[in-house]
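Chemist: Got a sequence here, can you build the structure:
(2 chains)
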Amino acid sequence: MSVIHDVIPAFELFQPATIDDAMMLLDRYGEKAWVLAGGLDSLEWFADRIKRPKAVVDLSQIKELSGVRSDGGGLEIGATTTLTEVVRHRLVREKYSLLAEAAEAAASPQIRNQGTLGGNVSQDARCWYYRAGWPCYRAGGNICYADAPTGLNREHAILDAERCVAVNPSDTAPALIALDAKMVVRTPGGEKVVDAEDYFIGPALDITRMNILRPGDLLTAIRIPATWAGAKFYFEKVRDRNVWDFALVNVASAMTTSGSTIEQMRLAVNGVAAHPVRLKAVEAAVAGKPRNEETAAVAGQIAIQGTKPLQYNGYKVPLMRNLVKRAIRGVAGEEAA
Amino acid sequence: MNFIQWATSPWGERVPIHISWDLLWASAIAGALFLIVHAIYVGYWAKPAAEPPQDSKQAAAAARLPERVARHSFGARAFHWVMAAAMFVLLFTAFLPKVGVRFSWLTIHWIAGIVLTVSVVYHIIHASFWLDFWSIWPNSQDLTDASRRLQRALGKPAPPPRKFGKYPLENKLFHLAVFFAGLAVIFTGFFMLYRVPTPFFTRNPYLFSDMTWGVMYVLHGLAGVVFVALIMAHIYFAVRPEKLFLTKSMIFGWISREKYLEHHDPERWPLEGGAPQTGQSKAPEAAI
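Modeler: Okay, the predicted model is just below:
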């Protein structure tokens, strides 16, 4: 299939100044509208002439969607706040360094300057069959080319695959889940606030979307409660090229300890399923346990229960297990064994 | 509105991938319109069927009939309700996600599909060897009677139609439509199991060409939306007051002697050891 990269199909561009105006436009154009934040995912789709929206609603002029604000002991981060702003913000670095680390692990400095937090968590799958415009399940067709006898699926899912085996590529998503963040979504029916882990959905629920946003919905902000501020954090991303690449698997955790005992923990991995996976069984298993190698080993084994690797991504199983073990042990230099 | 959704395969071939899901609404609206038009026609225009005089032979036959006339065996009723449950599950799991209700539907759908398939296989064997196989298929007598009914409804002279056999023509036509639509969903659904993870087959999405798969998906979807209208009509007739005795018979297995004599021709639906023969020529299905 030839892909033309030089001409983007025509669309009507809107640059509303308020959320209300944006909502009105999204309502007017429905499924034919496209929300543009940083544009790093969107413009690739347009340039490849695969997504052809009638109207593009550019959020860049809506001031209220940008910036980091204190919010009752926690933080509220506007959806179009750039990843660089998130990385550099003093409160984020002081209280939620997990998110700063995750945001800094995303892409390259130039991309982080342009890419937004809302865009990073809402970006589409990176499966190359899907991105090439082939009529796969995620594109509304009736086949998964990656999960086929000859499919190239080294980067694909080992968990929760149902027909589609694409994975969620976001680095900040598992960090937000570990921090128990809330996603603030404006819908035609009003505002709703959902837990970060419920924001993402797998193909079993909707094979054409990676999050709960429906046409007409808009992610406006992400709220991080004070609950895990200043906790012990761990983030690690494994990728093919350290300079700039999507995660093969990443892990994010927030932990409180009492001496060498784990009091509480929230742990999420990404790159293993179509949605970031919160490992509740691991969290329950390690609570009250000493933070040592033995606990880490048990946690790693629990983490990989239910995994179903494809032909070429079996390596993700030990990778996920070891990343979870490392998250339990913590970074080098801490008190972990 | 396009009836079929098309896509370009990786090899540049234009292939069908699905029906247009707008057809779901078209089917539901068509079904609803049919119900409304039928209800209005029956309520305002249709003339009540004249009660034919009971001859002495029929009166004598009535005396020999049991009070409750067996209509559906337990096996037949069990099949009907198992199939109905499977069909509802299939329709809900197929179409609720299409109208925006998100849930994990695929596994439930294919399990219900297997239940439907097994129940249909049972039904075919049961009907072939234990029931009067031909009694449900339309025959020339049904068409002749239907033509007479139509002419009389239009005020034209025509001989009176005979009473029905075990199944009225509407039943037979519904069964015929379900037969074809069911065959389509079961045949295509069986092969579609190769596309999803099940314990039965090793997944092989390349079992057929993209075009063949596309045709299968279109057939599966088309039969599915046809079922929406068919099931709407079926439920409508099942709850209509004049048909309620037939619905009850699908639960309890029998109809009353009066209903039997009122609606059915003992020649065309002879009862084992109970139904009299009046000496006239037998209808084809009664001769089986």
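
Chemist: got a list of what residue A:283 touches?
Modeler: A:264, A:265, A:266, A:267 (CB atoms under 8 Å, 6 or more residues apart in numbering or on different chains). (Glycine included, C-beta is placed from N, CA and C.)

Chemist: Apart from its neighbours in sequence, what residue is nearest the one residue in the stretch 51-200 of chain B that gets nearest to chain A?
Modeler: Residue of the stretch 51-200 of chain B nearest chain A, by CB to the nearest CB: residue B:104 (3.8 Å). Closest residue to residue B:104 apart from its sequence neighbours, by CB to CB, 6 or more residues apart in numbering or on different chains: residue A:204 at 3.8 Å.

Chemist: Can you give the strand pairings for the host helix or strand of residue A:76, parallel or anti for each?
Modeler: Secondary structure assigned from DSSP states H and E places residue A:76 in strand A:74-78. Strand A:74-78 has its sheet partners listed here by DSSP bridges as strand A:68-71 (antiparallel), strand A:218-224 (antiparallel).

Chemist: Return the residues in contact with residue B:204.
Modeler: Taking CB under 8 Å, 6+ apart as the criterion, residue B:204 is in contact with A:149, B:194.

Chemist: Kindly report the residues of chain B close to chain A.
Modeler: When proximity is defined by CB under 8 Å from any CB of the partner chain, chain B lies next to chain A at B:5, B:7-10, B:12, B:15, B:17-18, B:97, B:100, B:102-106, B:195-197, B:203-206, B:210, B:213-214, B:217.

Chemist: Which ones among those residues map onto strands?
Modeler: B:5, B:7, B:8, B:15, B:17, B:18 (DSSP state E).

Chemist: Is the fifth one in contact with residue A:136, as I believe?
Modeler: If I follow you right, that is residue B:17. No. At 10.0 Å, residue B:17 does not count as touching residue A:136 under the criterion of CB atoms under 8 Å.

Chemist: Compare these two and say which one has the larger neighbour count.
Modeler: Taking neighbours as other CB atoms under 10 Å in any protein chain shown, residue B:17 and residue A:136 compare with residue A:136 leading, 26 against 21.

Chemist: Most proximal residue of the stretch 1-150 of chain B with respect to chain A?
Modeler: Per CB to the nearest CB, the residue of the stretch 1-150 of chain B with the smallest distance to chain A is residue B:7, at 3.4 Å.

Chemist: list the contacts for the closest residue to that residue other than its chain neighbours?
Modeler: Taking CB to CB, 6+ apart, and ignoring the residues beside it in sequence, residue B:7 has residue A:135 as its nearest neighbour in space, at 3.4 Å. Remark: with contacts taken as CB under 8 Å, 6+ apart, residue A:135 is in contact with A:141, A:142, A:143, B:7, B:8, B:9, B:15, B:17.

Chemist: which ones are touching the last one?
Modeler: Under the criterion of CB under 8 Å, 6+ apart, the neighbours of residue B:17 are A:135, A:140, A:141, A:142, B:5, B:6, B:7, B:214, B:217.

Chemist: so how far is chain B from residue A:72?
Modeler: Separation of residue A:72 from chain B (CB to the nearest CB, to the nearest Å): 31 Å.

Chemist: My read is that that residue contacts residue A:226, right?
Modeler: Yes. The pair residue A:72 and residue A:226 passes the contact test of CB under 8 Å, sitting 7.2 Å apart.

Chemist: Looking at those two, which is more packed in?
Modeler: Comparing residue A:72 with residue A:226 by neighbour count (other CB under 10 Å), the higher total belongs to residue A:226, at 14 against 9.

Chemist: Report pLDDT for the closest residue to the more buried one other than its chain neighbours.
Modeler: Once its chain neighbours are removed from consideration, residue A:226 has its nearest residue in residue A:73; the separation is 3.4 Å (CB to CB, 6+ apart). pLDDT recorded at residue A:73 is 90.

Chemist: Spell out the secondary structure type for the residue in the stretch 1-150 of chain A positioned nearest to chain B.
Modeler: Residue nearest to chain B within the stretch 1-150 of chain A: residue A:135 (3.4 Å; CB to the nearest CB). Each residue gets one of three states, and residue A:135 gets coil by DSSP: H, G, I helix; E, B strand; the rest coil.

Chemist: Relative to residue B:263, how far out is it?
Modeler: In this view, residue A:135 and residue B:263 are 52 Å apart by CB to CB, to the nearest Å.

Chemist: so where's chain A uncertain?
Modeler: Scanning chain A for pLDDT under 70 picks out the ranges A:1-6, A:331-337.

Chemist: which bits of it sit near chain B?
Modeler: Proximity of chain A to chain B is confined to A:1, A:132, A:134-135, A:139-145, A:147-150, A:162-163, A:201, A:204-206, A:214 under the rule CB under 8 Å from any CB.

Chemist: where do the helices sit along chain B?
Modeler: Chain-ordered helices for chain B, with DSSP state H as the definition, fall at B:22-40, B:56-64, B:74-95, B:106-129, B:140-153, B:169-192, B:210-239, B:244-252, B:257-263.

Chemist: Could you tell me the least trusted of those?
Modeler: In terms of mean pLDDT, the lowest-scoring of these is helix B:56-64 (a mean of 68).

Chemist: my guess is residue B:95 contacts residue B:228, does it?
Modeler: Yes. Applying CB under 8 Å, one finds residue B:95 in contact with residue B:228, separated by 7.1 Å.

Chemist: which residues are common contacts for these two?
Modeler: In terms of CB under 8 Å, 6+ apart, residue B:95 and residue B:228 are both contacted by the residues residue B:24.

Chemist: May I have stretch A:91-103 exported as CSV, CA atoms only?
Modeler: These are the backbone C-alpha positions of stretch A:91-103, laid out as CSV (Å, rounded to 0.1, in the frame of the first residue of the first chain):
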residue,chain,number,x,y,z
LEU,A,91,5.3,20.9,42.7
VAL,A,92,5.3,17.9,40.3
ARG,A,93,9.0,17.3,40.9
GLU,A,94,8.6,17.7,44.7
LYS,A,95,5.5,15.8,45.4
TYR,A,96,4.9,13.5,42.4
SER,A,97,8.3,12.9,40.9
LEU,A,98,6.9,9.6,39.5
LEU,A,99,4.9,11.6,37.0
ALA,A,100,7.8,13.9,36.2
GLU,A,101,10.0,10.8,35.5
ALA,A,102,7.3,9.2,33.4
ALA,A,103,6.7,12.3,31.4
